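> Output the structure for:
(one chain, ligands or ions: 1)
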Amino acid sequence: MEDARANMVWPDKVTICEVGLRDGLQNEKKLLSVEEKLELLDMVVESGIKIIEVGSFVHPKAVPQMADTEKVVQKMKRVKDVEYRALIPNLKGLERAHAVGLTKAKLTVSVSESHCLNNFNQTPLEMMAGFVPCVEYAAKHNINVSGALSSAWGCAFEGKIPVQQIDKIVREYLKLGITELSLSDATGMGNPQQVYEIGNYMVKTFPEVKWVLHFHNTRGMALANIVAGMLAGITTFDGAFAGLGGCPYVPGATGNIATEDVVHMLQEMGIETGVDLPKAIATAQRAKEIVGHDTASYVLKAGRCEDLTQQKVQRQNNE
Ligand code: ZN
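Residues are numbered from 1 along each chain as shown. Okay, here's the model as predicted:
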């Protein structure tokens, strides 16, 4: 009885998407070499992660760290059953992704009107009108497209975003035929109650959508938000190795939730991720060495719960 109840609450399996190579690195001052990126990518694949955001095709001057995404994609090993995707701002970006043979692209729009107007001088709906040629191009060239809704959990300009505002953008994505959508929290403003309520609303209102949640741990709420997301029935989450990343509006902010922290928590909860935790930790360790500064990962600092009990056994054996 107990077990049956537990299974109704928690998923058996969760999918982790690694965004370290894009979201994690894009705010790093030190520009990584293509070789360093490929080394990290190999380690991510080796750890068992099946969905990887390898970079973005934005203007090279806008994000210098992403200027070599073409080279990374050209040189990377393509392992069967691994989805390699890139963030695409517009048709030009999509053409660049296609030219190097990527078959998965993620479009993104902020659900906040003020954020969009301030950054791009366009409303969210005006920006999304620019997605129409992208979707047509993608269909013609067999590219899968997903969509991100940024500022979904809060905006530096508008504060909390009403669910109706998110709903409106979701419907626009669906009109474009895009049914894989991520709700993203670059400012780290989302809280677990909000994630549970909005998550529930989205899952029930749009059962055809494959939902992904993307949290930054800016104020320490990201793991709790993932728990709330699972309780709302969402089972796909983004993470970045070592917890790299930041937020342009929050100087010095903690980055994305660390992939290894998510995997560790889920493993402790008995939820399968298909990710080898020691290998995920090794990836984070290597990423930390490469960027050359301390990062916001709990298990990199404290180790796994399991390590503690193993140390205890060793201590006892030594006595
Ligand atoms: Zn992010």
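> Provide a list of residues in contact with the nearest residue to residue 145 once chain neighbours are set aside.
Of all residues not flanking residue 145 in the chain, residue 138 sits nearest, at 4.8 Å (C-beta to C-beta, 6 or more residues apart in numbering). Every residue, glycine included, has its C-beta placed from N, CA and C. Going by C-beta atoms under 8 Å, 6 or more residues apart in numbering, residue 138 touches 94, 105, 144-145.
> Which one of the residues you listed is nearest to residue 291?
Nearest to residue 291 among these: residue 105, at 26.3 Å, using C-beta to C-beta.
> hang on, the earlier thing: what about the residue nearest to residue 145, which helix or strand?
According to DSSP states H and E, residue 138 maps onto helix 131-140.
> so what strands line up beside whichever helix or strand residue 54 is part of?
Using DSSP H and E, residue 54 sits in strand 51-56. Looking at strand 51-56 with DSSP bridges, its paired strands and their directions are strand 15-18 (parallel), strand 83-88 (parallel).
> which residue is nearest the centroid of this structure?
residue 238 (2.9 Å; C-alpha atoms, centre = their mean).
> for that one, phi and psi?
For residue 238, the backbone dihedrals are phi -90, psi 150 (criterion: degrees, to the nearest 10).
> can you tell me which residues contact it?
16-19, 23, 53, 182, 184, 212-215, 256-257.
> Roughly how far does the nearest residue to residue 201 once chain neighbours are set aside sit from the ion?
Among residues not flanking residue 201 along the chain, residue 163 sits closest, at 5.7 Å (C-beta to C-beta, 6+ apart). Separation of residue 163 from the ion (C-beta to the ion, to the nearest Å): 21 Å.
> so residue 163 sits right up against residue 200, yeah?
No. Assessed by C-beta atoms under 8 Å, residue 163 is found out of contact with residue 200, at 10.2 Å.
> Give me the common contacts of these two.
Between them, residue 163 and residue 200 share no contacting residue under C-beta under 8 Å, 6+ apart.
> now the helix or strand where residue 307 lies, how far from the centre of its chain.
Element membership of residue 307, judged by DSSP H and E, is helix 305-318. With C-alpha atoms, centre = their mean, to the nearest Å as the basis, helix 305-318 stands 34 Å off its chain's centre.
> Stretch 264-273 too?
In terms of C-alpha atoms, centre = their mean, the centre of stretch 264-273 is set 18 Å apart from its chain centre.
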